[in-house]
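Undergrad: model this:
(one chain, ligands or ions: 1)
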Amino acid sequence: MFYVSHYRNLSQMNFDTSTEQDEFISRVNNVCRNLRESEERAYLEEKFDDKLVPEFGKIGMLGCPISTKYGGLGYDILTYILALERIGEESSSMRTFFSAHTSIGQMVLQSWANEEQKKNHLSRTTDGRSVMGFALTEPEAGSDPSLMVSNYEDKGDHYVLSGKKHWIGNGTIANIITTYARDKVTGKISAFIVDMNSPGIHAVEMKHKLGLLTVKNAEISFYECKIPKENLLAMPGWGLSIAYSALIDGRLSVAAGSIGVMRDCLTETVRHSKERKQHGSLLGKKQLIQHHISKIAVAVESSRWLTYRAASARQKLHDYVENMKIDDMDWQSKLNRKNLDYSMLRSEADRLATIAKFHASNAAFDAANRSVQIFGSYAYQKTARVARHFLDSRATTIYEGANEVLELKISADIFGEGFRSY
Ligand SMILES: Cc1cc2nc3c(=O)[nH]c(=O)nc-3n(C[C@H](O)[C@H](O)[C@H](O)COP(=O)(O)OP(=O)(O)OC[C@H]3O[C@@H](n4cnc5c(N)ncnc54)[C@H](O)[C@@H]3O)c2cc1C
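TA: Residues are numbered from 1 along each chain as shown. So this is what the prediction gives:
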């Protein structure tokens with residue numbers, strides 16, 4: 001029964017993309033192609049590609065799923081996911097910029113900020129005036145953010161925030177981030193919008209990374225940083241719920257990007273296998289090479305449908321919350337565990353995004369590994385696209401929830417809360 005009810009909309013599933021989606025993806029494709037050279041140079045020099053924000057800004061990609069009211073394109077989640085898939089095909093580093101800026105950046109504001117906060121902060125992010133980031137992880141609180149020690153004090157007309165976050169994507173280039181800290185008195189965790197130019201904030205780039213070399217990750221320290229009262233997101237004590245909801249979008253981004261990685265691995269390996277001859281025939285004619293290729297092809301298709309279905313569940317959650325905002329001024333207080341419709345839509349979106357991320361990220365790293373093997377020594381330099389996919393996709397099984405923890409989360413959903421083992 002459980003599974004029948006989850007598939008009740010199957011007859012309405014449509015696997016065709018619309019003309020509008022095709023046109024937008026074609027614009028994304030053009031920008032990716034134009035940026036290929038500069039992105040590759042930036043990767044080898046381990047720099048952020050300065051052309052990325054202006055070029056993607058021209059086609060509206062800096063606010064793709066954000067409402068037109070705040071300068072975005074107002075596109076649906078699936079269109080955004082298809083765009084991330086294409087960007088991930090180009091480069092996971094580039095796609096990770098959008099994860100931090102949009103998926104776990106802007107979408108947190110879109111979902112949780114009040115009207116005034118959206119006008120003041122969100123509108124600046126869709127045209128590139130502000131870059132966003134999401135600062136949750138701490139040195140002693142990774143897979144378990146509830147262990148965080150960053151704290152805040154309510155000083156009446158403002159808050160004072162202290163603590164340290166690390167690995168924060170876009171950390172040294174972000175103008176606005178959301179961050180999460182514990183009330184010194186009550187111990188509850190709250191979420192804040194933070195202007196990175198505020199006094200008392202110090203962001204230091206994390207160096208010597210394994211991959212994702214054009215993404216700027218930072219350690220961010222808050223030294224008694226003054227946060228205006230109006231920068232609290234939603235309600236005091238809602239921090240973890242907000243952070244976990246952001247991770248649904250973060251996981252969808254990783255899943256979509258992973259499909260792109262595998263698609264590019266296929267393009268590259270098929271081309272190489274049709275050109276390279278050893279032992280008297282092309283690599284593509286060797287059965288063991290064909291085995292690698294078919295493994296990648298199957299992984300692309302399986303990851304696609306898990307991800308698109310998860311995107312559709314996320315869209316339903318989005319639509320529900322947006323409708324509530326129209327009908328009810330006090331919508332934030334309605335989004336709690338007692339609201340059964342919201343809880344069900346959210347847990348379904350969460351469950352499917354978790355499964356999609358787990359599957360697609362494992363598959364992408366495996367595909368990149370197989371691709372390096374097919375290229376042999378020709379992929380043992382960062383100048384080779386498959387070498388960069390190999391290095392970059394390693395992070396996808398760690399960030400937005402490490403895959404071991406996601407695996408436990410998937411089974412806890414089946415067994416029930418009492419069996420939660422993480
Ligand atoms: C490239 C990159 C970008 C990132 N970007 C951001 C960002 O923008 N914002 C942000 O806030 N954070 C970011 N992170 C941090 C990321 O979310 C964390 O690295 C991740 O949550 C894992 O935490 P950890 O690294 O502390 O590992 P740990 O939590 O120490 O886990 C280490 C290992 O133990 C496993 N493990 C943990 N608990 C259990 C358990 N109960 N049972 C079994 N196994 C377990 C994990 O799966 C993992 O394999 C980024 C990380 C990386 C590498």
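Undergrad: quick one: the residue in the chain that the ligand sits nearest to from Tyr75, how far?
TA: Proximity to the ligand, evaluated over the chain using CB to the nearest ligand atom, is greatest for Gly142 at 1.8 Å. Backbone N, C-alpha and C define where each C-beta goes, glycine included. Distance check for Gly142 against Tyr75: by CB to CB, to the nearest Å, it reads 32 Å.
Undergrad: between these two, who's got more neighbours?
TA: Higher neighbour count among Gly142 and Tyr75: Tyr75, with 20 against 16, using other CB atoms under 10 Å.
Undergrad: pretty sure that one is in a strand, no?
TA: No: secondary structure of Tyr75, determined by DSSP: H, G, I helix; E, B strand; the rest coil: coil, with no strand assignment.
Undergrad: My read is that it contacts Ser67, right?
TA: No: taking contacts as CB atoms under 8 Å, Tyr75 lies outside contact range of Ser67: 10.1 Å.
Undergrad: which neighbours do the two share?
TA: Common neighbours of Tyr75 and Ser67, using CB atoms under 8 Å, 6 or more residues apart in numbering, do not exist here.
Undergrad: which parts of the stretch 101-250 of the chain sit against the ligand?
TA: Applying CB under 6 Å from any ligand atom, we find that the stretch 101-250 of the chain lies next to the ligand at 134-137, 142-143, 167-169, 212, 217.
Undergrad: Dump those into TSV; add secondary structure and pLDDT as well.
TA: Below are these laid out as TSV (DSSP: H, G, I helix; E, B strand; the rest coil; pLDDT from 0 to 100):
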residue	secondary structure	pLDDT
Phe134	strand	98
Ala135	strand	98
Leu136	coil	98
Thr137	coil	98
Gly142	coil	98
Ser143	coil	98
Trp167	strand	98
Ile168	strand	98
Gly169	strand	98
Leu212	coil	98
Asn217	strand	98
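Undergrad: Taking those residues together, which two end up most distant?
TA: Pairwise distances across those peak at 19.2 Å for Ser143 and Leu212 (criterion: CB to CB).
Undergrad: Who has more neighbours out of the two?
TA: More neighbours surround Leu212 than the other of Ser143 and Leu212, with 25 against 14 (other CB under 10 Å).
Undergrad: which element is the closest residue in space to that one that isn't next to it in sequence on?
TA: In this structure, Leu212 finds its nearest non-sequential neighbour in Ser93, 4.8 Å apart by CB to CB, 6 or more residues apart in numbering. Per DSSP states H and E: Ser93 is located in helix 92-98.
Undergrad: what packs against that helix?
TA: helix 19-45, helix 77-90, helix 239-275, helix 385-393 (3 or more CB pairs under 8 Å, 6 or more residues apart in numbering; DSSP states H and E).
Undergrad: now the helices for the stretch 101-250 of the chain?
TA: Remark: helices assigned in the stretch 101-250 of the chain by DSSP state H, counting those that start in this stretch are 107-112, 115-117, 123-126, 239-275.
Undergrad: continuing past the longest helix along the chain, what's the next helix or strand?
TA: Longest helix of the chain, by residue count under DSSP state H: helix 287-327. Moving toward the C-terminus from helix 287-327, the first helix or strand encountered (DSSP H and E) is helix 331-334.
Undergrad: which helices and strands sit right next to that next one?
TA: helix 287-327.
Undergrad: All good on my end, thank you.
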